[in-house]
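Novice: prediction below, plus the sequence it came from.
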Amino acid sequence: MSKQQWVIKHCNQCVHFEPHGDHSHCTHEHRFTVPGRPVPKQRARVYHDRKLGKIRGVTPDATRQYENNVGLFALARRPRGWPKGIRYAVHIDAHVALTQRDKRPRKIDLDNVVKSVLDGLNKILWDDDHQVDALSARRWPAATGQERTEVRVTAIAGLVDAVLPKSARESLEG
């Protein structure tokens, strides 16, 4: 049996391995919404710590609080048995209030909002955001008071080399 025929199958919210027909992967999806204005990742403030004798970086409070909120909302809705050791696709919709003057969405750097969301999901939905293989994001206009960030994370089970059980790897190699 070739490696491409082994996939993770999700059954009753548990994850197990089994041979699979023609499909190259199966998926498992997690959706959640973070209410409030999307917060772009800000630069860390760097300073010299004289007590420790080294340079330190501190994440600004607004960024740290938003990342914590992202993690809390994701954790509250995370499906039982969510797989942490595989690869992921992420889609983010940032709903931003319109400016009063020209009725356009406020200027925020969408790429920095994405960074805040991905960093907020570290250790919650995955071990580290380097496990994200596909990423898309959009900025949408929202009414005042309706600002939010909608997140959809899909576990991609087609890339199973790192998580394939030892017995399955041995049977493929032998």
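Specialist: Good, I have the coordinates. For clarity, every value in this text was computed on a predicted model and none was experimentally measured.
Novice: where does this structure have low pLDDT?
Specialist: Along the chain, segments meeting pLDDT under 70 span 1-27, 99-106, 157-174.
Novice: how about the helices in it?
Specialist: Using DSSP state H, the helices found in the chain span residues 61-77, 110-120, 166-173.
Novice: so which of these gets nearest residue 138?
Specialist: Taking CB to CB, helix 110-120 is the member of the helices of the chain nearest to residue 138, at 7.8 Å. Where you see a C-beta, it was placed from the backbone N, CA and C, and this is true even at glycine.
Novice: what's that closest one in contact with?
Specialist: Contact with helix 110-120 is made by 34, 38-42, 63, 66-71, 74, 90, 92, 94, 129, 132, 135, 137-139, 149, 151, as judged by CB atoms under 8 Å, 6 or more residues apart in numbering.
Novice: any quick PyMOL command for the buried ones out of the residues you listed?
Specialist: Buried residues among those (16 or more other CB atoms under 10 Å), as a PyMOL selection:
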select buried, resi 34+38+39+40+41+42+63+66+67+69+70+71+74+90+92+94+129+132+137+139+149+151
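Novice: quick one on the thing from earlier: most neighbours per residue, which of the helices of the chain?
Specialist: Of all those, helix 110-120 has the most neighbours on average by mean count of other CB atoms under 10 Å, namely a mean of 21.
Novice: kindly state the domain boundaries assigned to this structure.
Specialist: Under the assignment automatic domain parsing, the domains of the chain span 1-26+164-174, 27-156.
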